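Peer 1: Predicted model and sequence follow; I will ask about them next.
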Amino acid sequence: MGRRGAVSAAESPASPHRLHLKLMADEKEFRYDPAEIETKWQQRWAADPALYAAEPAASGKPKYYVLEMLPYPSGQLHMGHVRNYSIGDALARHMWMRGYNVLHPMGWDAFGLPAENAALKNNTPPRDWTLANIAAMKRQMQRLGLGYDWATEVTTCLPDYYRWNQWFFLRMYEKGLAYRKKSKVNWCPECATVLANEQVIDGRCWRHEDTIVEQRDLVQWFFRITEYADELLEGLDKLDGWPEKVRTMQRNWIGRSEGTEVDFSLEGSGEKIRVFTTRVDTIFGATSVQLAPEHALVANFTASDAVLRAQVDEMIAEQKKARETGDIGAIEKHGVATGKFAINPYNGEKVPIWVANYILADYGTGAIMSVPAHDERDFEFATKYGIEIRRVIAPAAGGEEPELPFVSEEGVLVNSGEYDGLSCEAAQKKLQEIAASGVFGEAKVTFRLKDWGVSRQRYWGTPIPMIHCEKDGMVPVPDDQLPVLLPEQIEITQQGGSPLGRVPEFVNVECPKCGGAAKRETDTMDTFVDSSWYFYRYIDAKNSTAPFGRELAGYWFPIDQYIGGVEHAILHLIYSRFWTRVMRDLGLTKNNEPAERLFTQGMVIKDGAKMSKSKGNVVSPDDMVARYGADATRMYALFAAPPDRDLDWQEDGVAGVSRFLGRVWRLVAKHAEAARAGRGQSIEAPQGVTLKLLRKMHQTTAKITQDFEGRWHFNTCVAAIMMLVNELQGADAELSAGEVPPAAMHELLRTLVLLLAPFAPFVAAELWEELGEEGAVLRAAWPVSDPELAKEDEIEVPVQANGKLVTVVRVESGADQETLKKAAMADSKVQSRIEGKTIIKVIVVPGKLVNLVVR
C-alpha cells in the first residue's frame, strides 16, 4: 500500500481499473429495482385517495365508466384475474390521460357456496372467511397497482348492500314480478341447493363440473324474467358494442318461436289437447299426436291400464336420467301407442295418440302434432313405428318430388284440400286465422327462456324478505324493517334444507299485518341477484336511503366499457339486462341496457387447460410480482396475446418483459439529465437522427392511440413501445454524443414514459419524476401524434403484373399517380417482365399499389 495521499498507478483517473469501477457505479445507479420502485409508489398512491376518484358531474369533463366484472373472494387472485383487471386498468389510465372523468371501481361478489363449504371444512364462520379473503385479495390488487377508487367499494354480503336486494325483491313482488310456485327444479347434490336453468351446463353443476344435477319438485320463488323476454331479445339488435357471440348466445337462450296453438279433441270426450307448432301449414300431414309422459291426459289413460302405466313410468325415468346427464336432446326416441285418438280440427281426421319419451311436459304445451314428411325428428319416429308418412308440401318450382323429410318452407301445399297451391307463408297466415275464428286455436309466441328461480336452500345469501302467516298467507316484510339480517352464529350442514330453518330466533316472528305468530322465509336468494345490479351501487355506495341516486345514475349510465369472461353470457349478463329494465320501470333509471360496450377477454391457459383452482394449475401473481415486479406481471398479461384470445402462460415471458423494462429504465435514467435540460425548449427543424427518432415516436403514438380507440390489441401496443425503445437504443451513440438537441431528447423520453404509463404504471411514475415532470403521470395529457412528422419521407410500393408481385419501388411519401407509374415503368425488373408484351392498362392506387395489366 502506498503512502497516505499518494495515488497508485492502478488508481489513477486514466487507469482501466478506475474506469471499470466507474462503469460498475453507473450500472448500479441505472439498475432497475422493481421492488424498491413499486413499494415507493404503492405507498404514495395509498396516501392520495383522490388520485383515482371520479369527479362530480359538474366537472364539465366527458364521463367514462370502465368496469371489470367483480370477483368472488376465494382468497387469492390468479393470473386470469390479473389479465382481466390489467385490461381495464390500462383503459382507465388511458382515459384519465385523455381528460375524461373516469369511474373505475371494484367490489366483491361475496355471498356464495364456497364460504359455506369452508365453514364446514375449517369451522370458520362464512363471514369471517369471506372478509379475510377480501382483505387478502385487496392487498394483491393494490400491490399490482390497479387504479381503483376504493371509496366506492361494494361488498355484497354486508347488510348495507343486501338490504337493497331485499328492497328490490319487495318492489318486484308488488309488481307481480316475484312469485312462488311448486316446480320441477334442478338440484345439485354437492351444493345441496337449487340451481337456475342457466346454472346447469351439460347436465352438470356450473360450480361442480363432475356433479350430475338431479330433478326435484320444490316450492320456489321466481322472478318473472319472461315478462321482458321480447324486450330482452329486441334489445340485442341495438347492442352494437357487444360481441356477436354473446348476442347470439342470448338470442338462442331466449329462444323466441312464432307459431300457432291448435286444439285437437280427444275422441269420445271432446277434451282438448293443445299443441304448439311453428308449421301450421303442414297440419294436414299430421298423422299422430304425441304427449309427454307427464302430460295430464296420460295419467288418465294409465289409470286403468297397468301395462301402459309401466311403460310410461319407464319413460319418465329415462327422461329424468337424460336431464341429469344433460343429453335430453340426444335421447334415443321411442314411444307407445295409447289406443286413444285425437281429432284434427281442420279436417276432422282421426289420428292416433302416442306417448313419446322425447316430449317434455314443461316445454311448450307438453304435446305435439307429428308431421313425419316434413320434420326430421317426426320422420325418424314414424319410420321406427310404421306411422303413416303423408307429403303435404311440395317445392314451389315443381319438378321431381324431393326426398323426405322435406323441411323447406319455400314450397306450396298439396294433399291439403282447399288450401292446395297456397305458399307455405300464405297458408300459415290463413290457417292461423281460421283457428282463431273457429275458437280452436290462436297465434302464439313461445320462448325457451323460463322464469328465473331465485330460491336457494343455503345460509350464505340474502334472506328473502317474506313472512308466512297462517291467517294472512304470504306477507312482505315492511321496508322499515329492512334489512332482514342473517344470524351470524349458526350451525351449517348440508342436511335438512336451509340452515336458517334451524334458527328459532330467526324463523319465529310476529306477522307485520295481523300481529300474530308467523315464520320467516328460510330460503336465501340466488347470488346472481347480487351481481345483477352491483355496478349501480358503485356510483352511490354510501347511500343509506336508496339503492343509488337517480341523478347519478342518469349521469354515469350506461357503463361505457364492461369487461369480463364470455362464460357469463347467459347468466350474469342476461340477468343484469333484466334487472336494468326492472329498475327503469321503477323509475330509478332511464337507460334500457347496463353497458354500451362489452369486451370478453380470453382465458389464461396453463398445461393445456383454463387456469383454475379446481384444475390445480393456478399461478399466483404474488410469486410473479416477487420475482419480476408488478409492472412486468401486468405487462406480460397484455403482451402475450391479443386480449380477446386465450393466453398460453409462459413464465419466461414475464422474465422477458422484466428485462425490457430494465432496458427502458437504463435508457431514460442515462439520458434524463440531458432531457431535463430541454424542458420548456422548442424543437427547431429536426434533421438526421433527430428527425428519424421523432418520426418513430409519432408513429408509435398514433398506433397506440388508434388501438385504444378501436381494436384493443394491447399486445401490439407493447410491441410498438419495444420497437421505439430499440430505435432509441440503436441511436445511443448519437444521444450520448449530444447530436440530439435537449428539447428533442426531452420530447422523446417524456413521450416514451407517457406511452408506457397505462401498461407499466410504477416504472412510468418513477421515470416521470426522474425527468423532472410535475404532478402524477396519470393526470398528464396523452401525447398527440403529428401526422406530418409521423409520415415517412419515402415509402415502398409493390408493383404487380397481372396481379403477381414483380418488385417494390421506393418513392417520396405522397407521390401522385404519374410519379408512381414512372417509377414502376423505370424499374429493371418491370421492364424485363413486360418486354415483348402489350400493356393494356396501368392501375395505380397512390401509396398502395401499381398493377400492370399486360398480354
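Peer 2: Perfect, thanks for sending it.
Peer 1: can you pull the contacts of residue 265?
Peer 2: Residue 265 makes contacts with 271-273, 342-343, 345, as judged by Cβ atoms under 8 Å, 6 or more residues apart in numbering. In this view, the C-beta of every residue, glycine as well, is placed from N, C-alpha and C.
Peer 1: These in strands, which ones?
Peer 2: Within the contacts of residue 265, residues falling in strands by DSSP state E are 272-273, 342-343.
Peer 1: Please check the residues you listed and keep the buried ones.
Peer 2: Burial of the ones in strands among the contacts of residue 265 was assessed by neighbour count (16 or more other Cβ atoms under 10 Å); the buried members are 273, 342-343.
Peer 1: Name the nearest of these relative to residue 402.
Peer 2: residue 342 (28.6 Å; Cβ to Cβ).
Peer 1: roughly how far apart are the closest one and residue 290?
Peer 2: With distances taken as Cβ to Cβ, to the nearest Å, residue 342 is found 10 Å from residue 290.
Peer 1: Check residue 728 too.
Peer 2: Distance, residue 728 to residue 290, by Cβ to Cβ: 75 Å.
Peer 1: What about residue 58? Give its phi and psi, please.
Peer 2: phi -70, psi 0 (degrees, to the nearest 10).
Peer 1: what's the neighbour count on it?
Peer 2: If you count neighbours by other Cβ atoms under 10 Å, residue 58 ends up with 8.
Peer 1: Equivalent analysis for residue 787, please.
Peer 2: When neighbours are counted by other Cβ under 10 Å, residue 787 comes out with 8.
Peer 1: what does the one 5 residues further on give?
Peer 2: When neighbours are counted by other Cβ under 10 Å, residue 792 registers 12.
Peer 1: what's the answer for the one 5 residues further on, then?
Peer 2: Residue 797 sits with 21 neighbouring residues when counted by other Cβ under 10 Å.
Peer 1: Contacts only, for it.
Peer 2: So residue 797 contacts 808-811, 820, 823-824, 847-850 (Cβ under 8 Å, 6+ apart).
Peer 1: Let me have those residues in CSV, extended by distance to residue 182 and pLDDT.
Peer 2: Below are the contacts of residue 797 laid out as CSV (distance: Cβ to Cβ, whole Å; pLDDT from 0 to 100):
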residue, distance to residue 182, pLDDT
808, 75, 91
809, 79, 89
810, 79, 85
811, 79, 84
820, 78, 89
823, 82, 89
824, 80, 90
847, 71, 83
848, 69, 87
849, 70, 91
850, 76, 93
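Peer 1: What score does residue 329 have for pLDDT?
Peer 2: With respect to pLDDT, residue 329 scores 62.
Peer 1: and for residue 342 and residue 290, which residues touch both?
Peer 2: In contact with both residue 342 and residue 290: residue 353, using Cβ under 8 Å, 6+ apart.
Peer 1: Cross the contacts of residue 797 against strands and list the overlap.
Peer 2: 808-811, 849-850.
Peer 1: Out of the residues you listed, the closest to residue 224 would be?
Peer 2: Of the ones in strands among the contacts of residue 797, the one sitting nearest to residue 224 (Cβ to Cβ) turns out to be residue 849, at 59.3 Å.
Peer 1: Thought residue 798 was touching that closest one, still the case?
Peer 2: Yes: under the criterion of Cβ atoms under 8 Å, residue 849 makes contact with residue 798 at 5.9 Å.
Peer 1: hmm, back to that, could the contacts of residue 265 be laid out in JSON lines, adding pLDDT and distance to residue 61?
Peer 2: Converted to JSON lines, those look like this (pLDDT from 0 to 100; distance: Cβ to Cβ, whole Å):
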{"residue": "271", "pLDDT": "93", "distance to residue 61": "68"}
{"residue": "272", "pLDDT": "95", "distance to residue 61": "64"}
{"residue": "273", "pLDDT": "96", "distance to residue 61": "64"}
{"residue": "342", "pLDDT": "97", "distance to residue 61": "68"}
{"residue": "343", "pLDDT": "97", "distance to residue 61": "71"}
{"residue": "345", "pLDDT": "96", "distance to residue 61": "66"}
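Peer 1: which one of those is nearest residue 365?
Peer 2: Comparing the contacts of residue 265 against residue 365 with Cβ to Cβ places residue 273 closest, at 8.3 Å.
Peer 1: Identify the residues contacting that closest one.
Peer 2: Taking Cβ under 8 Å, 6+ apart as the test, what residue 273 contacts is 263-266, 289, 291, 297, 342, 353, 367.
Peer 1: chain center to stretch 100-110, what's the gap?
Peer 2: For stretch 100-110, the separation from the chain centroid amounts to 16 Å (computed by Cα atoms, centre = their mean, to the nearest Å).
Peer 1: cool, and stretch 116-124?
Peer 2: With Cα atoms, centre = their mean, you get 31 Å for stretch 116-124.
Peer 1: Check stretch 181-191 too.
Peer 2: How far stretch 181-191 lies from its chain's middle: 27 Å, per Cα atoms, centre = their mean.
Peer 1: now it: mean pLDDT?
Peer 2: 81.
Peer 1: buried sites along that stretch?
Peer 2: For stretch 181-191, burial by neighbour count (16+ other Cβ under 10 Å) applies to 183, 185-188, 190-191.
Peer 1: Just those: which are in helices?
Peer 2: Of the positions in the buried residues of stretch 181-191, not one sits in helices, assigned by DSSP state H.
Peer 1: Out of these, give me the two with the largest separation.
Peer 2: 183 and 190, at 21.0 Å, using Cβ to Cβ across the buried residues of stretch 181-191.
Peer 1: re earlier: could you dump the ones in strands among the contacts of residue 265 to JSON lines with distance to residue 33?
Peer 2: Below are the ones in strands among the contacts of residue 265 laid out as JSON lines (distance: Cβ to Cβ, whole Å):
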{"residue": "272", "distance to residue 33": "81"}
{"residue": "273", "distance to residue 33": "79"}
{"residue": "342", "distance to residue 33": "83"}
{"residue": "343", "distance to residue 33": "87"}
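Peer 1: Please tell me how far the closest residue to residue 724 other than its chain neighbours sits from residue 62.
Peer 2: Distances taken as Cβ to Cβ, 6 or more residues apart in numbering put residue 700 closest to residue 724, at 4.5 Å, once the chain neighbours are dropped. According to Cβ to Cβ, residue 700 and residue 62 sit 25 Å apart.
Peer 1: Looking at those two, which is more packed in?
Peer 2: For residue 700 versus residue 62, the count of surrounding residues by other Cβ under 10 Å is larger for residue 700: 24 against 12.
Peer 1: Dump the C-alpha coordinates for the helix or strand hosting the more buried one into PDB.
Peer 2: Residue 700 belongs to helix 688-709 when assigned by DSSP states H and E. C-alpha atoms of helix 688-709 as PDB (Å, rounded to 0.1, in the frame of the first residue of the first chain):
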ATOM      1  CA  GLY A 688     -31.000  13.500 -39.400                       C
ATOM      2  CA  VAL A 689     -31.200  11.100 -36.400                       C
ATOM      3  CA  THR A 690     -33.400  13.600 -34.500                       C
ATOM      4  CA  LEU A 691     -36.000  13.600 -37.300                       C
ATOM      5  CA  LYS A 692     -35.800   9.800 -37.600                       C
ATOM      6  CA  LEU A 693     -36.400   9.300 -33.800                       C
ATOM      7  CA  LEU A 694     -39.200  11.900 -33.600                       C
ATOM      8  CA  ARG A 695     -40.900  10.200 -36.600                       C
ATOM      9  CA  LYS A 696     -40.800   6.800 -34.900                       C
ATOM     10  CA  MET A 697     -42.100   8.400 -31.700                       C
ATOM     11  CA  HIS A 698     -45.100  10.000 -33.500                       C
ATOM     12  CA  GLN A 699     -45.800   6.800 -35.400                       C
ATOM     13  CA  THR A 700     -45.800   4.800 -32.200                       C
ATOM     14  CA  THR A 701     -48.100   7.400 -30.600                       C
ATOM     15  CA  ALA A 702     -50.600   7.200 -33.500                       C
ATOM     16  CA  LYS A 703     -50.600   3.400 -33.400                       C
ATOM     17  CA  ILE A 704     -51.200   3.100 -29.600                       C
ATOM     18  CA  THR A 705     -53.900   5.800 -29.700                       C
ATOM     19  CA  GLN A 706     -55.700   4.000 -32.500                       C
ATOM     20  CA  ASP A 707     -55.500   0.700 -30.700                       C
ATOM     21  CA  PHE A 708     -57.100   2.200 -27.600                       C
ATOM     22  CA  GLU A 709     -59.800   3.700 -29.700                       C
END
